[in-house]
Every structure is written in C-alpha cells, then in structure tokens.
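Visitor: Coordinates only, no sequence provided:
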C-alpha cells in the first residue's frame, strides 16, 4: 500500500500505475494464490482518491506542540520545529534535534549547483552566499550569524538547513574558479558547492560530513514498484539508524556488494546502438547512480573501518575561523573581478538533463 501510495501521489513520479497493473503486480502474492480482484480494485480506488497520511502518535504530537514555541525574555515568540520539510513523510523530512552533538562550525560560502533530482538551478539562484555553518547531528545549518547554543534557530536558518544523511562530500576537482571548494551531493541529488578558508579547512569539512553520514544514515528503503520501466532511485530515509557501529558497517558492506554486482550486470547489457532517446538516457542515468552509490559506500565502509568515532570526537586541526565580511559573499581575500568570466563547462555535469556518458563519470 505504501508503494502504491508513492506511485500515485509521489512528486517525482511520471506515469501513474493503473488498476490493472496494480493487480498484475500482486499475482501469486497471497500464499501462491491471487488476491480477490474486487478487494484490490477497492483498495486501489481508495488510495487513488485519498492519499495515505502518516500516523502521528498523540504523545509525540503533544511534545511537538509544546516544543514548538519558545518564550523570549522580551515576551516575543520564536517558532521552532522538530522536523524540517513539507513532504508529509516523517522518514524524508530533516530531523531537527536541538540537543544533537555539534561536530564542526565555521564560515563557508555556498553556491547552489543543482536542485532536487539533479535539476539545473535557475541562473538567478546560483550566486555565492556566505554563512556560518554548523554541522549539528545529521544537519548542516547555514546561519547568518555565528553559532550560539542558547539561541533558537530562525525560520531562515531552518530553511537553509541541509541534511547530510546518505550524502557524500568531495573536493570539487572540476570547479576551477575558486580555491578550496568542496562539493556536497545530498540524498535527493541536490548538489551544493562550499568554499572553505583553506585547503585544510576544506578537507576537515569533507571528513566530518562523510563521517556523520557513514555513522548515522539509516538503511535505504527499496525503490517504489511502479508501472513505468523508467529507472527509479530508492528512498533514503532521513531518520537516524538504529544499528550499532558493527551492524552499520555490515549493512554498508552488504550494500556495497549489492551495488557493485548490480553495476557489473548493468554494464554487461549496454543498450543497442540503434536505440535513441529515453532508453539510452535512462541507461546512463542508472549507470551514473550506481557508480555514485558504489563510490559513496566505499567511502562509508572505509571510514567505519578506520574508526569514525575518533574522527568525530577528536579535536579539529582547523585554521582559525574567518571574520564574517559584510562587503562580499566570497571567502576569497582577493579583489573581486568585475570582468565577465566564461562559464565553466564542468558545472553542468551534475545536472539531470545532461546525463553523464558512460565513459566519463561525475560523482
């Protein structure tokens, strides 16, 4: 029912599953027999006409309402939320835990490179902006002011927050306009560029983000079963894993083995050279996805084997933080260049419409 609900009402689903296709998908699933068609038709129409909503525990709801408003000394109220997002799915919204551990802070300049599902970020929204970044729990908060534990987050801070669950940070080797730039690819395939103060600072951010993702990312849900043959990525829950570190390592290793096998099988059956259009694009998209996931799990497994707890709890060898500049959004100390710069062709590699070729991968 959950998968049917996702297929019929998911925001990124194309062709919807028909009733006959839904019945056909469940053939032989009732202890080797078929479910009554009348029952399946009624179930299909019910979910189609009314989207299933996630049940909320009454105690959790009361707690959410009680924690949702904080009183200030001057009598004004600041709204806070327990989850960040509007998907009506608690597994996909970003969990906001005020008591979560802080793993790193410092100034970063951010550039939106690609929006959700790898879609090209509109030109007017790609500019660099400076934030005070706080990696707290599995969320990277991007604030206008320096971090103060006793200060409640504003709605703007929550809006700019980025979940790092199932994310992968790496050096942006294909971006040459600015130094010390890292690339963060999120679970929903957004791509963000961050410029750090120094090479060491950039590497520390990469290590911390990947460590948090490796330790706390919950096992993925299976991909939704739909009528379309189009490739669909599995859902990656934003909830924190319940597994121990040893169990988490085994889970990542099993996933790495599965992805590696699937990638090898996928590449052993390339599309016919005569095929064009959607079939080829779908093949390339799946190839890109599997290559990225293989690389992500390889890094996760390597970090867990090295002992990420020491990396997360150890002291930072970072250079002193920059003082926030109100005159320029860039962290570069050089004078801004007024001349027009030719657009870096490599910036387009992570956009969904331009699926990377099989020979050249971008992660």
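Guide: Cool, the structure landed. Given the structure is predicted, the values throughout are model-derived calculations rather than measurements.

Visitor: My read is that residue 143 contacts residue 132, right?
Guide: Yes: with contacts counted by Cβ atoms under 8 Å, residue 143 reaches residue 132, the gap being 4.8 Å. Heads up, the C-betas are built off the backbone N, CA and C, glycines and all.

Visitor: quick one: low-confidence parts of the stretch 51-200 of the chain?
Guide: Within the stretch 51-200 of the chain, the stretches with pLDDT under 70 are 53-96.

Visitor: So for stretch 219-226, mean pLDDT?
Guide: For stretch 219-226, the mean per-residue pLDDT is 68.

Visitor: start at 280 instead
Guide: Understood, numbering begins at 280; the last thing we discussed is stretch 498-505.

Visitor: The helix ranked longest in the chain - what's its average pLDDT?
Guide: Of all the segments of type helix in the chain, defined by DSSP state H, the longest one is helix 557-585. Mean per-residue pLDDT for helix 557-585: 91.

Visitor: Against residue 456, how distant is residue 445?
Guide: Computed as Cβ to Cβ, to the nearest Å, the residue 445 to residue 456 distance reads 28 Å.

Visitor: I misspoke; the intended subject was residue 390.
Guide: Here residue 390 is placed at a distance of 10 Å from residue 456 (Cβ to Cβ).

Visitor: And residue 563, by the same measure?
Guide: Residue 563 is 27 Å from residue 456, where distance means Cβ to Cβ.

Visitor: same thing with residue 426?
Guide: 28 Å.

Visitor: what does residue 510 give?
Guide: Distance, residue 510 to residue 456, by Cβ to Cβ: 32 Å.

Visitor: next one: residue 476
Guide: 17 Å.

Visitor: ok, the two, which is more surrounded?
Guide: Ranked by neighbour count (other Cβ atoms under 10 Å), residue 476 and residue 456 place residue 476 first, with 21 against 17.

Visitor: Is that one in a helix, a strand, or coil?
Guide: Three-state assignment for residue 476 (DSSP: H, G, I helix; E, B strand; the rest coil): coil.

Visitor: separation between it and residue 316?
Guide: Taking Cβ to Cβ, one finds residue 476 at 64 Å from residue 316.

Visitor: Over to residue 492?
Guide: Going from residue 492 to residue 316 by Cβ to Cβ gives 45 Å.

Visitor: Mind checking which of the two has more residues around it?
Guide: More crowded of residue 492 and residue 316, by other Cβ under 10 Å: residue 492, with 25 against 12.

Visitor: Show me what counts as buried in stretch 462-477.
Guide: In terms of neighbour count (16 or more other Cβ atoms under 10 Å), stretch 462-477 has its buried residues at 462-476.

Visitor: if you look at the residues you listed, which of them are in helices?
Guide: With helices defined by DSSP H, no entry of these lies inside them.

Visitor: Inside strands: which ones of those?
Guide: Of the buried residues of stretch 462-477, the ones assigned to strands by DSSP state E are 462-464, 470-474.

Visitor: Could you work out the most separated pair of these?
Guide: The most widely separated members of those are 464 and 474, with 16.4 Å between them, by Cβ to Cβ.

Visitor: and after the helix or strand containing residue 303, which helix or strand comes next?
Guide: Assigned by DSSP states H and E, residue 303 belongs to helix 298-304. Downstream of helix 298-304, the next assigned helix or strand under DSSP H and E is helix 316-328.

Visitor: Which parts of the stretch 330-479 of the chain are strands?
Guide: In the stretch 330-479 of the chain, strands defined by DSSP state E, counting those that start in this stretch lie at 348-350, 356-358, 362-363, 373-374, 381-393, 408-415, 418-422, 441-442, 447-450, 460-464, 470-474, listed in chain order.

Visitor: Tabulate those strands (JSON lines), appending distance to residue 553.
Guide: What follows is these, written out as JSON lines (distance: least, Cβ to Cβ, whole Å):
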{"stretch": "strand 348-350", "distance to residue 553": "62"}
{"stretch": "strand 356-358", "distance to residue 553": "58"}
{"stretch": "strand 362-363", "distance to residue 553": "47"}
{"stretch": "strand 373-374", "distance to residue 553": "45"}
{"stretch": "strand 381-393", "distance to residue 553": "31"}
{"stretch": "strand 408-415", "distance to residue 553": "47"}
{"stretch": "strand 418-422", "distance to residue 553": "46"}
{"stretch": "strand 441-442", "distance to residue 553": "42"}
{"stretch": "strand 447-450", "distance to residue 553": "35"}
{"stretch": "strand 460-464", "distance to residue 553": "33"}
{"stretch": "strand 470-474", "distance to residue 553": "33"}
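
Visitor: Between those, which one is closest to residue 537.
Guide: For these, the distance to residue 537 is smallest for strand 447-450, at 17.5 Å, taking Cβ to Cβ.

Visitor: List the neighbouring strands of the closest one plus their orientation.
Guide: Using DSSP bridges, the strands paired with strand 447-450 are strand 460-464 (antiparallel).

Visitor: Against residue 433, how distant is residue 284?
Guide: Taking Cβ to Cβ, one finds residue 284 at 34 Å from residue 433.

Visitor: now the residue nearest to residue 534 when sequence neighbours are not counted: how far from residue 465?
Guide: Closest residue to residue 534 apart from its sequence neighbours, by Cβ to Cβ, 6 or more residues apart in numbering: residue 576 at 5.4 Å. Distance, residue 576 to residue 465, by Cβ to Cβ: 16 Å.

Visitor: Perfect, that will be all.
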